[in-house]
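Trainee: my questions are about this predicted structure, shown below with the sequence.
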Amino acid sequence: MKNNRNPHEADLRGTLISVLVVGVLIAVMWAAVYAMYVAL
């Protein structure tokens, strides 16, 4: 972990967005599996 003061806000924002997208995809897959389980 480096404490450089270089402006990497864009990278941080991109990483945060990618993490959020992955979390949303996992939640959607979980909801789909749960819906299939409930339907069956």
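Mentor: Nice, I can see it.

Trainee: tell me where the protein has helices.
Mentor: For the chain, applying DSSP state H gives helices covering 9-39.

Trainee: which residues of it score low on pLDDT?
Mentor: Where the chain drops to pLDDT under 70, the residues are 1-8.

Trainee: if we use 80, what do you get?
Mentor: Scanning the chain for pLDDT under 80 picks out 1-10.

Trainee: so who does residue 23 touch?
Mentor: Contacts for residue 23 (Cβ atoms under 8 Å, 6 or more residues apart in numbering) come out as none. Backbone N, C-alpha and C define where each C-beta goes, glycine included.

Trainee: tell me how far it lies from residue 17.
Mentor: Distance of residue 23 to residue 17, computed by Cβ to Cβ, to the nearest Å: 11 Å.

Trainee: and what of residue 40?
Mentor: For residue 40, the distance to residue 17 equals 35 Å [Cβ to Cβ].
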